[in-house]
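sequence and predicted structure below; questions after.
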Amino acid sequence: MDYRHVFATNLRRLRTEKGYSQEVLAHEAGVNRTYMSKLEKGGSFVGLEVMVRLAKVLQVEPADFLKVPARRTRKI
């Protein structure tokens, strides 16, 4: 299991649920918007310090980024 992609999926989901754009979230967390994009695509590993800052802005626990999403079931 690639936790970069788990993190990326959860980051994107949490960001959109909270109504943040990548640019605003990056600014609030003190990271570069390009880096934020790479994180959401699973192209970069996130550091613990950045994960904690993102969690604070999004008002979630850092561990929420690493929860494996439930599998979707197909509707017939």
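Structure's in. What do you need? Since we're looking at a predicted model, the values are computed, not measured.

leaving out chain neighbours, which residue sits closest to residue 2?
The shortest distance from residue 2 to any non-neighbouring residue, by CB to CB, 6 or more residues apart in numbering, is to residue 42 (7.1 Å). The C-beta positions use only the backbone N, C-alpha and C, and glycine is treated the same way.

report the separation between the one you found and residue 31.
Relative to residue 31, residue 42 is positioned 16 Å away (CB to CB, to the nearest Å).

right, and the helix or strand after the helix ranked longest in the chain?
Across the chain, the longest stretch assigned as helix under DSSP state H is helix 3-18. Counting by DSSP states H and E, the next helix or strand C-terminal to helix 3-18 is helix 22-29.

and the angle from the helix or strand just after that next one to helix 3-18?
Next helix or strand after helix 22-29 toward the C-terminus (DSSP H and E): helix 33-41. Interaxial angle of helix 33-41 relative to helix 3-18 (axes from the mean of the first three to the mean of the last three CA atoms, to 10 degrees): 110 degrees.

and helix 33-41, average pLDDT?
Average pLDDT, helix 33-41: 96.

and for stretch 9-26?
pLDDT averaged over stretch 9-26 gives 97.

and that stretch, what's buried?
Going by neighbour count (16 or more other CB atoms under 10 Å), the buried part of stretch 9-26 is 9, 10, 11, 14, 15, 20, 22, 25, 26.
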